[in-house]
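Peer 1: When you get a sec, could you give me coordinates for this:
(2 chains)
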Number of protein chains: 2
Amino acid sequence: MEGAPTLRLRIFDLNCWAIRYLSKRRQERVRLIGNMLLREGFDLVLLQEVWSEQDYSDLKLKLGGCYPFSHYFRSGVIGSGLCVFSRFPILDTLLYQYSLNGYPYMLQHGDWFCGKSVGLVIIKISGIVFNVYVTHLHAEYCREKDAYLPHRLVQAWELAQFIRHTSKAADVVLLGGDLNMHPEDVGIRLLRGWTGLRDAFAEAAHFEGCEDGCTLVPNNCFTVKSELLPFPLGIRIDYILYKAVSSFTVKCEELKTTTGPAPGMDIPFSDHEAVMATLHIQRQGGAAGATLGTTEPRLVDVVTEARTEVCVGLRAARQQRYSTGRMAVLALLLLLLQALAVLGALAGLAAGQPFPKLSFSLLAFLAIGVLLLATGLHLFHTMEVKMLQGTEEQMQMALRALQERP
Amino acid sequence: MEGAPTLRLRIFDLNCWAIRYLSKRRQERVRLIGNMLLREGFDLVLLQEVWSEQDYSDLKLKLGGCYPFSHYFRSGVIGSGLCVFSRFPILDTLLYQYSLNGYPYMLQHGDWFCGKSVGLVIIKISGIVFNVYVTHLHAEYCREKDAYLPHRLVQAWELAQFIRHTSKAADVVLLGGDLNMHPEDVGIRLLRGWTGLRDAFAEAAHFEGCEDGCTLVPNNCFTVKSELLPFPLGIRIDYILYKAVSSFTVKCEELKTTTGPAPGMDIPFSDHEAVMATLHIQRQGGAAGATLGTTEPRLVDVVTEARTEVCVGLRAARQQRYSTGRMAVLALLLLLLQALAVLGALAGLAAGQPFPKLSFSLLAFLAIGVLLLATGLHLFHTMEVKMLQGTEEQMQMALRALQERP
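Peer 2: Below you'll find the predicted structure:
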């Protein structure tokens, strides 16, 4: 490919749904994914939800011949689940962990434990520097009353900021991942507007796959059908986005998605469909950077809309910080009262029948438990408030900068 | 200053020791710092340990005329304590929170709660883009047996990586802060070697201040004298570092430190001495980037040394992950045993005298407490292992890249 005037790059992106003990037929599917990646020989493979390091090691061993370079991003308790396989040498990596990612006590959702992050790998192909980002944002569990929207917006903002600040020396920027946002959602518009990234699905000259490019479809035997009831075609939440930073142009020749079962098998690769893009990268004189300018008036609206949602989250977080603080104070008061009663009894001041010892100590333990729990939650929500406030301020600064521009 | 061939920049850096309820004569000192900043009229002020937002707001109000632009970085429970005041517009900001920062149960040290981070502000002066970083790394509580060394090294590595990846479009990079490392420590050598940053103290044409540029000196009435016993002159842990990235040269004309009490006052500004640098920035043809090349053979040794220390930390973290996991399992077993005893008693199988109810329930509560605590710690140390492992791998990748270079 050295010296060629046009570079053709084939990229594969998939949320693998490979959670140990929880994901159905995990090992079989990881084997299937590995086989397909070997067969297809992509240039770049971006995977999410590879939460078992063993699965990564197995894939690495299997794919070593075809994809000699790879990186697994570690973070959080369970890991980030993010990894990259590449035909070309990975020159450098960086991980940025989002400052907000759900709540530790929402055990049934579990996002908090995954340390959701964005991983950056830098690759040089034929002298062209690629900044490749892979990420997975907080899931949306209820679209009507999405309690995680402010957190996901903070993540989308941090993702956009991280890309802007780290991609200044890149020729081409690629982002792949499960963004857990529909194409028209404010978070996607914010991310695209603030970074200038283009959506491979929207730009593709040729498309093949699930209707509307959906990546979570009712057709897939692993998806929860009830969640997709309002969307009979499914939803598109997995993306490949790109842009040329310096004097290059990128075009999406083809975009494909998988469509349910893997070829010749009874099961699909994952509960998500894979996204596969073929990009053409060409050197050209000074054409880049034009997209951001034309969309700027709308960008002000998008940032304002995102900021409003973050403010809603901020109010809720402040309320929770207050409630948990009050709960901690009440528990402390109860404990103090009990201590006073004990002291009173010791000093012989107790009139009449004292409390039975068992209930008394059970109550004390309960109070201690509530005190510890409420204090922990209070600290957590204090952090949440700080991060939402910080993001809101950054967005305000961005708005000022956008409005001041001629 | 517009169009001038040489830009003269005066920078002020101070760890303000402004912890609410804990730092002595805090408000008085913050007032003194504000007065001095107004009087001296620096171009750029980098502060750490401004942990009360009220103090920041007070300073902002007071300094508004002289330093119209400022930013306060929010993170963690208490905050990052980092803020910047500038005579020139701040164009953009980004915060990166270090993935490791001590232990939540080390309440007496408290670093974990502060969300130690590095803050970036981007400033443009006379067409020159400045990436200004301000940070505060984990404190060193015991130099002989420094349990936090691996965490501080992870922070130094993440700081260096963050600077490398975000400064590619900058003309000049400035870093100020309390790095909690002596000039000869491996972390400083790693940071300087991996980023190419130069130490303003070492490069200064003229120096004035505490001997050897120390910033924590026995002379200061707020320092803990016993901690400084092995260092009669004090230690140098606060730095201003700089480099020119593109076709610029930066020279340090003068470096100063404060020396104990503020002029005309009985107390110093903080328990740290302030560092003040005067830099000369000049446009020049293609001279930059030479420093990294010449130091590369030594850089391999430095990264190797840092990696060894991270591995030591990794072993300790694995050991703690194992111990806390075992403790959790034991507590769970005890609980199960108690549940069996209760079931036995209910089924009338209990022979002889049953346990007294009070001790029995106290024991159960104790087991639950230990179970929760040990599980929490186990999760924490699992994260610690992951981050240390991730850093170790990144360092390994860096070593390979360094060794492969011609």
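
Peer 1: and the closest residue to A:Leu388 other than its chain neighbours, helix, strand or coil?
Peer 2: Excluding the flanking residues, the one nearest A:Leu388 by C-beta to C-beta, 6 or more residues apart in numbering or on different chains is A:Leu314, at 4.3 Å. Any C-beta I mention is one placed from the backbone N, CA and C, and that applies to glycine too. With DSSP: H, G, I helix; E, B strand; the rest coil as the basis, the three-state label of A:Leu314 is helix.

Peer 1: Domain ranges for chain A, per the record?
Peer 2: Per the record, chain A has its domains at A:6-291, A:296-344+A:355-404, by the TED database.

Peer 1: and those, which is most packed in?
Peer 2: Of all the domains of chain A, domain A:6-291 has the most neighbours on average by mean count of other C-beta atoms under 10 Å in any protein chain shown, namely a mean of 20.

Peer 1: next one: it to chain centre, how far?
Peer 2: Relative to the chain's own centre, domain A:6-291 is displaced by 9 Å; criterion: C-alpha atoms, centre = their mean, to the nearest Å.

Peer 1: got a list of what the residue in the stretch 301-406 of chain A that chain B sits nearest to touches?
Peer 2: Residue of the stretch 301-406 of chain A nearest chain B, by C-beta to the nearest C-beta: A:Gly390 (3.8 Å). Contact analysis of A:Gly390 by C-beta atoms under 8 Å, 6 or more residues apart in numbering or on different chains lists A:99, B:73-75, B:95.

Peer 1: could you dump these to TSV with secondary structure, distance to A:Gly110 and pLDDT?
Peer 2: Formatted as TSV, the contacts of A:Gly390 follow (DSSP: H, G, I helix; E, B strand; the rest coil; distance: C-beta to C-beta, whole Å; pLDDT from 0 to 100):
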residue	secondary structure	distance to A:Gly110	pLDDT
A:Ser99	coil	18	88
B:Phe73	coil	29	92
B:Arg74	coil	26	86
B:Ser75	coil	24	80
B:Leu95	strand	26	92
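
Peer 1: As JSON lines, those residues with distance to A:Leu402 would be great.
Peer 2: Conversion of those to JSON lines gives the following (distance: C-beta to C-beta, whole Å):
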{"residue": "A:Ser99", "distance to A:Leu402": "23"}
{"residue": "B:Phe73", "distance to A:Leu402": "22"}
{"residue": "B:Arg74", "distance to A:Leu402": "22"}
{"residue": "B:Ser75", "distance to A:Leu402": "25"}
{"residue": "B:Leu95", "distance to A:Leu402": "21"}
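
Peer 1: As a check, name the ranges of all strands in the stretch 151-300 of chain A.
Peer 2: A:172-178, A:198-199, A:206-208, A:238-244, A:248-257, A:275-283 (DSSP state E, counting those that start in this stretch).

Peer 1: Tell me the predicted confidence for A:Thr294.
Peer 2: A:Thr294 is assigned 44 on the pLDDT scale.

Peer 1: Please name the residues that touch the closest residue in space to A:Ala306 that isn't next to it in sequence.
Peer 2: The spatial neighbour of A:Ala306 that comes closest, neighbours along the chain excluded (C-beta to C-beta, 6+ apart), is A:Leu190 at 4.7 Å. Counting by C-beta under 8 Å, 6+ apart, A:Leu190 touches A:153, A:156-157, A:160, A:302-303, A:306.

Peer 1: cutoff 6 Å now
Peer 2: Contacts for A:Leu190 were tallied using C-beta atoms under 6 Å, 6 or more residues apart in numbering or on different chains; they are A:156, A:302, A:306.

Peer 1: Of these, which belong to helices?
Peer 2: A:156, A:302, A:306 (DSSP state H).

Peer 1: Nearest to B:His378 among those?
Peer 2: Of all the ones in helices among the contacts of A:Leu190, B:His378 sits closest to A:Ala156, with 32.1 Å by C-beta to C-beta.

Peer 1: excluding its backbone neighbours, what's nearest the closest one?
Peer 2: The spatially closest residue to A:Ala156, leaving aside those adjacent along the chain, is A:Gly187, at 3.9 Å (C-beta to C-beta, 6+ apart).

Peer 1: same thing with A:Ile237?
Peer 2: Nearest one to A:Ile237, counting by C-beta to C-beta, 6+ apart, is A:Asn180 at 5.3 Å.

Peer 1: And the one you found, how far from A:Val134?
Peer 2: 14 Å (C-beta to C-beta, to the nearest Å).

Peer 1: May I have the distance across stretch A:74-92, first residue to last?
Peer 2: 15 Å (C-alpha to C-alpha, to the nearest Å).

Peer 1: Enumerate the residues of chain A near chain B.
Peer 2: Within chain A, the positions near chain B by C-beta under 6 Å from any C-beta of the partner chain are A:74, A:77, A:94, A:161, A:165-166, A:168-169, A:357-358, A:365, A:379, A:382-383, A:386, A:389-390.

Peer 1: Tabulate the strands of the stretch 151-300 of chain A (a markdown table), appending mean pLDDT.
Peer 2: Output for the strands of the stretch 151-300 of chain A, formatted as a markdown table (pLDDT from 0 to 100):
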| stretch | mean pLDDT |
| --- | --- |
| strand A:172-178 | 96 |
| strand A:198-199 | 96 |
| strand A:206-208 | 95 |
| strand A:238-244 | 96 |
| strand A:248-257 | 94 |
| strand A:275-283 | 95 |
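
Peer 1: now the ones you listed as TSV including distance to A:Phe42?
Peer 2: TSV is the format used below for those (distance: least, C-beta to C-beta, whole Å):
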stretch	distance to A:Phe42
strand A:172-178	11
strand A:198-199	19
strand A:206-208	16
strand A:238-244	12
strand A:248-257	11
strand A:275-283	7
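
Peer 1: Figure out the helix or strand that the residue of the stretch 301-406 of chain A closest to chain B lives in.
Peer 2: helix A:357-404 (DSSP states H and E).

Peer 1: and the angle from that helix to helix B:357-404?
Peer 2: Orientation of helix A:357-404 against helix B:357-404 (axes from the mean of the first three to the mean of the last three C-alpha atoms, to 10 degrees) gives an angle of 30 degrees.

Peer 1: can you tell me the average pLDDT over helix A:357-404?
Peer 2: Mean predicted confidence for helix A:357-404 is 89.

Peer 1: ok now that helix, how far from the chain's centre?
Peer 2: For helix A:357-404, the distance to the chain centre is 22 Å (C-alpha atoms, centre = their mean).

Peer 1: now the closest residue to A:Phe201 other than its chain neighbours: how far from A:Phe12?
Peer 2: Spatial nearest neighbour of A:Phe201, chain neighbours left out: A:Gly213 (4.2 Å); criterion: C-beta to C-beta, 6+ apart. Taking C-beta to C-beta as the measure, A:Gly213 falls 15 Å from A:Phe12.

Peer 1: again, but for A:Ile368
Peer 2: 52 Å.

Peer 1: same question, A:Gly313
Peer 2: Taking C-beta to C-beta, one finds A:Gly313 at 34 Å from A:Phe12.

Peer 1: got it, and A:Asp301?
Peer 2: 34 Å.

Peer 1: shaky segments in chain A?
Peer 2: A:1-4, A:285-297, A:349-355, A:406 (pLDDT under 70).

Peer 1: mind running it again at 50?
Peer 2: Applying pLDDT under 50 to chain A flags residues A:1-4, A:287-294.

Peer 1: Quick check, central residue of it?
Peer 2: A:Leu137 (1.6 Å; C-alpha atoms, centre = their mean).

Peer 1: relative to helix A:357-404, how tilted is the helix or strand hosting A:Arg326?
Peer 2: Assigned by DSSP H and E, A:Arg326 falls within helix A:296-346. Interaxial angle of helix A:296-346 relative to helix A:357-404 (the same axes, to 10 degrees): 160 degrees.
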